[in-house]
Structure formats: C-alpha cells, structure tokens
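**Student:** please work out how this folds:
(one chain, ligands or ions: 1)
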Amino acid sequence: MAEENTVGQIPTVIADELHIVYRVNGAKTGKGSATAALSRIIKRGEDRGVRKVHAVRGVSFKAYRGEAIGLIGSNGSGKSTLLRAIAGLLPAEKGHVYTDGQPSLLGVNAALMNDLTGERNVILGGLAMGMSREQVRERYQDIVDFSGINEKGDFITLPMRTYSSGMAARLRFSIAAAKDHDVLMIDEALATGDRSFQKRSEARIRELRKSAGTVFLVSHNNKSIRDTCDRVLWLERGELRLDGPTDEVIKEYEKFTGK
Ligand SMILES: Nc1ncnc2c1ncn2[C@@H]1O[C@H](COP(=O)(O)OP(=O)(O)OP(=O)(O)O)[C@@H](O)[C@H]1O
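**Tutor:** The predicted structure is shown next:
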C-alpha cells in the first residue's frame, strides 16, 4: 500500500471506510397490472420498488499534495462514484471522506450551458470556479488557445451545442485547468481529445501537480495513466483492489483484464 514515505506530506483527501449507495426509485416495478400497482401503494420503503446499488464498498486511502493519482477498474467498478463523493456531490452511506479545500470535479458531463457560446461559457465557468472578472479577462485568451477550439475557424463565438463531443470536452478541461486547484479530479476528459490535445493536457496536469495540488484522473487508457500518474487506485466492484505505484498496479490490472 502507498503508506510509506508519507512523513511530512500534507494530506488533501482522506477516505475512511467509505460506502456509497444509490437508491433507485421505480425499479422492480414488474408488470403494470392494477393489483401490482395497488400492492406497490400498500407496501412501503424497500418493498415499494426502491432498489439500492452499493457502488463503493469500504474504500480507504489518503492522498497527498503533489500527487497525481489514477483511478482504474472495469466498467461500473465505482470510479466516477468515488470522485463524485470526494467532490461532495454524493453523501456517504457509511464512513467518511475528508478534503482540504473545495475539490473540483471535471467530468465529461461538467455543466456548461449548451445554448451559450463558448466565449460566454469560458466567462461563466471561470466565475463559477471562483475567479474574479479580471482574472477571467486576463486568462481568457490562454483558455481559448489551450482548448484549440479556434484552430479550425471562429468556433468560440458559436453555441456549445455546435461543438463535437471532443471539442466540448477540450473546452471544459481548458476552463478547469486555467485555475490552480487544491484537488482537481478529471473523469475521462483526456480520452476525448485528440493526441496533440492529450499531450497539452498531460503537461498541464504536471504543472498543476507542481503548484502543490492533487490530481485524480479516471481513465480506461492505461497509457494516459502511465504518462500522468505516479500512483494508482484500482477499484473492482466498488472495492479497492490495489493502491500503489503506477507500474505495479497496472501490471496486476493487465493480468486481470487479460491484456
Ligand atoms: N445515478 C445512479 N443511480 C444508480 N446507480 C448508479 C448511478 N450511477 C452509477 N450507478 C451504479 O454504480 C456502480 C458504479 O458506477 P460508476 O459510474 O461509479 O462506475 P465507473 O467505474 O465510473 O464505470 P465506467 O468505467 O463505466 O465509467 C454501477 O453499478 C452503476 O450501475
């Protein structure tokens, strides 16, 4: 486990036996007969069709300043759920998660306004992250240049709904990466950009780490993880299978996936 050599380091995220459970209403509804409907009304709680999905099961780890940590695991293993819990978007069913400052979650679904232009979204996104109008103005051009949105024409003045999914993801990453974060969490964002954008974002992640933040990166691309992270958490069925240096964990993961 990655508990050695941590003396004197400053923890940024601590997960302590964390459990996250989703509750899904309207599941188990069965056939739409009148009797079934009546029995649903009479029954309560669990029996009324609320199903639980236990997505994260007793996960514990400590993350420190300056670390870039990859999160890997098969589909549905709980990676995005864990990030959302760290960001404070999901309550813990059991256990705790402690963070230093406000973590920023940059997901492929990060909420920007599709009907607004890229330009307006850069401004709104910057303000929403706590930058002042001045700071947004100062960094505006860098954000647009970094995203590469205008490489093929003046797209930044068009509504975001006209962007390809890769272009939108690049803009989201560029907005989020314009600020130094205590804890920056990136969910698959790198996978959507093209190779030259991926290289730029990997370089930016390295910079963010130098400015003493902690970066979490969820990806199915082992190369991206190898290039960016020095530590990896491997989740499987909501449990933490392995936590350690990137090469060691990816080696075990590749054995598991048969690569
Ligand atoms: N909003 C939700 N409501 C109910 N269950 C959910 C919800 N989101 C995720 N789950 C379930 O939680 C489990 C973990 O999902 P999660 O999205 O965290 O996995 P993941 O490791 O990020 O997967 P992927 O690699 O496919 O993105 C899955 O069983 C999934 O079905």
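**Student:** so Lys255: helix, strand or coil?
**Tutor:** helix (DSSP: H, G, I helix; E, B strand; the rest coil).
**Student:** for the stretch 51-200 of the chain, which residues are neighbours of the ligand?
**Tutor:** Within the stretch 51-200 of the chain, the positions near the ligand by Cβ under 6 Å from any ligand atom are Val53, Ala55, Gly73, Asn75, Gly76, Ser77, Gly78, Lys79, Ser80, Thr81. Where C-beta positions appear, they are placed from N, C-alpha and C, glycine not excepted.
**Student:** I'd like to know which of these are buried.
**Tutor:** Ala55, Gly73, Ser77, Gly78, Lys79, Ser80, Thr81 (16 or more other Cβ atoms under 10 Å).
**Student:** helix, strand, or coil at the last one?
**Tutor:** Read it as Thr81. helix.
**Student:** hang on, isn't it packed against Leu90?
**Tutor:** Yes. Using Cβ atoms under 8 Å, Thr81 is in contact with Leu90, at 6.7 Å.
**Student:** skipping its backbone neighbours, what lies nearest Ile175 in space?
**Tutor:** Gly125 (3.9 Å; Cβ to Cβ, 6 or more residues apart in numbering).
**Student:** possible to save the buried ones among the residues of the stretch 51-200 of the chain next to the ligand as a markdown table with distance to Asn25 and pLDDT?
**Tutor:** As requested, these are exported to a markdown table (distance: Cβ to Cβ, whole Å; pLDDT from 0 to 100):
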| residue | distance to Asn25 | pLDDT |
| --- | --- | --- |
| Ala55 | 16 | 97 |
| Gly73 | 27 | 95 |
| Ser77 | 24 | 96 |
| Gly78 | 21 | 96 |
| Lys79 | 24 | 94 |
| Ser80 | 20 | 91 |
| Thr81 | 18 | 94 |
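**Student:** contacting residues around Glu239?
**Tutor:** Applying Cβ atoms under 8 Å, 6 or more residues apart in numbering to Glu239 gives the contacts Arg57, Gly58, Val59.
**Student:** the most centrally placed residue in the chain pairs with what?
**Tutor:** Most central in the chain under Cα atoms, centre = their mean is Asp187, positioned 3.4 Å from the mean C-alpha point. With DSSP bridges as the criterion, Asp187 is bridged to Gly107, Val218.
**Student:** roughly how far does it sit from Ser80?
**Tutor:** Going from Asp187 to Ser80 by Cβ to Cβ, to the nearest Å gives 6 Å.
**Student:** least trustworthy helix or strand in this structure by mean pLDDT?
**Tutor:** Least confident helix or strand, the chain: helix 189-192 with a mean of 63, by mean pLDDT, DSSP states H and E.
**Student:** any stretches of this structure with poor pLDDT?
**Tutor:** 1-8, 27-32, 36, 39-48, 107-111, 189-192, 212, 259 (pLDDT under 70).
**Student:** please, where are all the strands along it?
**Tutor:** Here the chain has its strands, by DSSP state E, at 11-24, 51-64, 68-72, 94-99, 104-107, 183-187, 214-218, 231-236, 239-245.
**Student:** in its sheet, which strands sit next to the third one, and in what direction?
**Tutor:** Spelled out, that is strand 68-72. For strand 68-72, pairing defined by DSSP bridges yields strand 214-218 (parallel), strand 231-236 (parallel).
**Student:** export those strands to CSV and append columns for distance to Leu242 and mean neighbour count.
**Tutor:** Below are the strands paired with strand 68-72 laid out as CSV (distance: least, Cβ to Cβ, whole Å; neighbours: other Cβ atoms under 10 Å):
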stretch, distance to Leu242, mean neighbour count
strand 214-218, 16, 26
strand 231-236, 4, 22
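**Student:** distance of the nearest residue to Leu83 once chain neighbours are set aside from the ligand?
**Tutor:** In this structure, Leu83 finds its nearest non-sequential neighbour in Met185, 4.7 Å apart by Cβ to Cβ, 6+ apart. Applying Cβ to the nearest ligand atom, to the nearest Å, the value for Met185 to the ligand is 12 Å.
**Student:** lovely, talk soon.
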